[in-house]
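> output the structure for:
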Amino acid sequence: MTADSAAIPALKPAAASPALIASLAVTLIAAVTIAGAWFFQLVLEILPCPLCLEQRYAYYLAMPLGALTVIAARSGAPRPLLLAGLAVLALATLANAGLGAYHSGVEWGFWQGPTDCSGPVVNLGSAKDLLSRLDTVKVVRCDEVQWRFLGFSLAGYNVLISLLMAAIAAWGFAWTARR
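Okay, here's the model as predicted:
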């Protein structure tokens, strides 16, 4: 009896399936990206605007869903379950790329952004509380770029990263569907 034949079947390494590779890659990219976003916010003190915060939702979805899809692929889950996980990952990250493109357009002045983070400031409330609120609140505008590198803002990089994640998930979906 060899060591391999005596191994517990659940602990044998699974073949690297496209679903496993794609979901693992999307999960890791999402984790690194959200860690970078928190680094920019907490260390470099580049505070996110409301649209930036909304763009993080797809990453917060992709990390646990991607991890669950990795576990499902490793444990030999049915193909429809893997396809569902990869489809949701692809659609969520593709939608996030659209939101990032919208935010980039707001930053470039191609269109008007949401009124809560771009345009004129309205409804300041009573004059009595105004000074105390101005000392405690920092408004981060969606139409002002706080940081650029190689001509791209953080919203622009979000578009590229989200498109990459969507392409990887779509690749995993297509190859898993063929098997």
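> what comes up buried for the one helix or strand Leu68 maps to?
Applying DSSP states H and E as the criterion places Leu68 in helix 50-74. Buried residues in helix 50-74, counted by 16 or more other CB atoms under 10 Å: 50-52, 54-56, 58-59, 61-63, 65-67, 69-70, 72-74. For the C-beta atoms, the positions are set from N, CA and C on the backbone; glycine is no exception.
> run the angle between the helix or strand that comes right after that helix and helix 50-74 for me.
Next helix or strand after helix 50-74 toward the C-terminus (DSSP H and E): helix 79-108. Helix 79-108 runs at 160 degrees relative to helix 50-74, counting by axes from the mean of the first three to the mean of the last three CA atoms, to 10 degrees.
> need the contact list for the residue nearest the centre of the chain.
The residue lying closest to the centre of the chain (CA atoms, centre = their mean) is Tyr59, at 2.8 Å. Contact analysis of Tyr59 by CB atoms under 8 Å, 6 or more residues apart in numbering lists Ala30, Thr33, Ile34, Ala37, Asn96.
> and these, which is closest to Ala166?
Closest approach to Ala166 among those (CB to CB): Asn96, at 8.2 Å.
> now the closest one: how far from Tyr57?
Taking CB to CB, to the nearest Å as the measure, Asn96 falls 8 Å from Tyr57.
> go on, Pro64?
12 Å.
> now Pro78
Separation of Pro78 from Tyr57 (CB to CB) stands at 28 Å.
> cool, and Ala19?
Look at Ala19 and Tyr57: by CB to CB, they are 23 Å apart.
> and if you look at Val106?
From Val106 to Tyr57 the distance is 18 Å (CB to CB).
> again, but for Gln146
Taking CB to CB, one finds Gln146 at 20 Å from Tyr57.
> one more: Met63?
Using CB to CB, we find Met63 at a distance of 11 Å from Tyr57.
> cool, Asp143 as well?
For Asp143, the distance to Tyr57 equals 21 Å [CB to CB].
> count the residues that sit near Leu164.
Residues near Leu164, counting by other CB atoms under 10 Å, number 16.
> got it, and the one 5 residues further on?
Applying other CB under 10 Å, we find 28 residues neighbouring Ala169.
> start at 43, not 1
Will do, 43 is the new start, and the previous item becomes Ala211.
> residue contacts, it?
Residues counted as contacts of Ala211 (CB under 8 Å, 6+ apart) are Ala64, Ser65, Val68, Leu128, Ala129, Leu131, Ala132, Thr135.
> thank you, goodbye.
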